[in-house]
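Student: got a predicted model here, sequence first, then my questions.
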Protein chains: 2
Amino acid sequence: METHGLLMVFTGNGKGKTTAALGMAMRSAGHGLKVCIIQFIKGSWTYGEIEAIRRYADCIDLHVMGRGFTWKSDNLEEDRRLALEGWNLARQCMDSGTYHLVILDEFTYLLHYKMLDLDTCLKALAKRRKEQHVVITGRYAPDALVEAADLVTEMQAIKHPLQAGIKAQRGIEF
Amino acid sequence: METHGLLMVFTGNGKGKTTAALGMAMRSAGHGLKVCIIQFIKGSWTYGEIEAIRRYADCIDLHVMGRGFTWKSDNLEEDRRLALEGWNLARQCMDSGTYHLVILDEFTYLLHYKMLDLDTCLKALAKRRKEQHVVITGRYAPDALVEAADLVTEMQAIKHPLQAGIKAQRGIEF
């Protein structure tokens, strides 16, 4: 079996980006392969996801980095520091050789809001170990990231229940 | 907590439809809620998914129905019989009150290829228990299904590694 590490991006405004990344983590874990998830928006993963992963603690490592819910704070310096801290961890995980798959959840926001230098990130991604699979999720994936990726799916919202005034549902939305 | 059973559709030609459904199953299971997955294309789920679910055997039931890989066989009568068998099981699962979430994986093909009557299916979906969440995945979701759904995400393939001649990867594609 030829291993070719893929750079995969789930972007767009629709539901299913992080959910697909979670499904992919589970699929790898099903093979007994190790996965590292770095969550770049604190609080975006809630009880259901975290408990789901807990049963795979032997296969899946989860790191919660960054700020709560948004990167648009008043303290740009602190934001940049946290972004860099998360990115450095991501690089360590990719370099370690421990993980079949590294998931950078909601990472696109850091690029979109220029918390990190896009070129530097793309160069590091391009230089990663050749068998290292990486999934990046989040809206507003920069064009250069799409260009660099092997697989890109745009999750497009055709309909969303919150538009119809329906409350978020346990086990579905969170 | 108000429970409003959602009808959710993951459609489009991109990767991530079944993966998102699997992630959603895991999220529900993380809450300790029961999930039933009915897989309408035999063989479409492979080792990774099936093993991932096995560790949640207390929360997730998986039924493999239908034919292998395609519904476009030479024996239309047999196809229709298998489609109806799967659909009857789906109705039983929705009526049972056992499951927080019922996933009809690759179900859209049965509607698209007219193995089942669309109106009959939509009426049964509309009459389901009011707290029953349902996820339907697959390409070619009929307009009337999109119309009936609460949440629809179209997974659009922007890029796919098979286009670039890269082989399917263990833990990623299967």
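Tutor: Received the coordinates, thanks.

Student: hey, let's count contacts and neighbours off CA atoms from now on
Tutor: Noted.

Student: just give the closest residue to residue A:64, not the sequence neighbours.
Tutor: Spatial nearest neighbour of residue A:64, excluding adjacent residues (C-alpha to C-alpha, 6 or more residues apart in numbering or on different chains): residue A:39 at 4.9 Å.

Student: which other helices and strands contact the helix or strand containing the one you found?
Tutor: Using DSSP states H and E, residue A:39 sits in strand A:35-42. If you count contacts as 3 or more C-alpha pairs under 8 Å, 6 or more residues apart in numbering or on different chains; DSSP states H and E, strand A:35-42 packs onto helix A:17-30, strand A:60-68, helix A:76-96, strand A:101-105.

Student: what angle do strand A:101-105 and it make with each other?
Tutor: Interaxial angle, strand A:35-42 versus strand A:101-105 (axes from the mean of the first three to the mean of the last three C-alpha atoms, to 10 degrees): 10 degrees.

Student: quick check: which helices or strands does the helix or strand following strand A:35-42 pack against?
Tutor: Per DSSP H and E, strand A:35-42 leads on to helix A:47-54 as the next helix or strand towards the C-terminus. Using 3+ C-alpha pairs under 8 Å, 6+ apart as the contact criterion, the elements in contact with helix A:47-54 are helix B:17-30.

Student: let's see that with 10 Å instead.
Tutor: helix A:17-30, strand A:60-68, helix B:17-30 (3 or more C-alpha pairs under 10 Å, 6 or more residues apart in numbering or on different chains; DSSP states H and E).

Student: rank these by pLDDT, which is bottom?
Tutor: Ranked by mean pLDDT, those bottom out at strand A:60-68, which scores a mean of 85.

Student: I figured residue A:48 hits residue B:31, correct?
Tutor: Yes - using C-alpha atoms under 10 Å, residue A:48 is in contact with residue B:31, at 5.1 Å.

Student: overlap in contacts, these two.
Tutor: Shared contacts of residue A:48 and residue B:31, defined by C-alpha atoms under 10 Å, 6 or more residues apart in numbering or on different chains, comprise A:170, A:171, A:172, A:174.

Student: and which of those is nearest residue B:138?
Tutor: residue A:172 (18.7 Å; C-alpha to C-alpha).

Student: and that closest one, what helix or strand is that in?
Tutor: Per DSSP H and E, there is no helix or strand for residue A:172.

Student: pull the number of nearby residues for it.
Tutor: By the criterion of other C-alpha atoms under 10 Å in any protein chain shown, residue A:172 has 22 neighbours.

Student: so what's it up against?
Tutor: Going by C-alpha under 10 Å, 6+ apart, residue A:172 touches A:19, A:48, B:5-6, B:8, B:23-28, B:31, B:100-101, B:133, B:135.

Student: okay, which residue is most central for chain A?
Tutor: What sits nearest the mean C-alpha location of chain A, by C-alpha atoms, centre = their mean, is residue A:105, with 1.7 Å.

Student: touching, that one and residue A:25? I think so.
Tutor: No - look at residue A:105 against residue A:25 with C-alpha under 10 Å: they stay out of range, at 11.5 Å.

Student: rewinding a little: out of residue A:48 and residue B:31, which sits in the busier spot?
Tutor: More neighbours surround residue A:48 than the other of residue A:48 and residue B:31, with 24 against 19 (other C-alpha under 10 Å).

Student: ok so, going back, overlap in contacts of residue A:105 and residue A:25?
Tutor: Contacts common to residue A:105 and residue A:25, judged by C-alpha under 10 Å, 6+ apart, are A:37, A:135.

Student: contact partners for the residue nearest to the centre of chain A?
Tutor: A:9-10, A:17-18, A:21-22, A:37-41, A:44-45, A:64, A:135-138.

Student: which regions of chain A lie under the pLDDT threshold?
Tutor: Applying pLDDT under 70 to chain A picks out residues A:1-2, A:68-73, A:163-164.

Student: check contacts around residue A:8.
Tutor: Going by C-alpha under 10 Å, 6+ apart, residue A:8 touches A:21, A:103, A:133-137, A:145-146, A:148-153, B:159-161, B:172.

Student: kindly recompute the last result at 7 Å.
Tutor: The contact partners of residue A:8, by C-alpha atoms under 7 Å, 6 or more residues apart in numbering or on different chains, come to A:134, A:135, A:136, A:149, A:150, A:151, A:152.

Student: can I assume it sits in a strand?
Tutor: Yes - counting by DSSP: H, G, I helix; E, B strand; the rest coil, one finds residue A:8 located in a strand.

Student: is it bridged to anything, and to what?
Tutor: For residue A:8, the residues forming beta bridges with it (DSSP bridges) are residue A:135, residue A:151.
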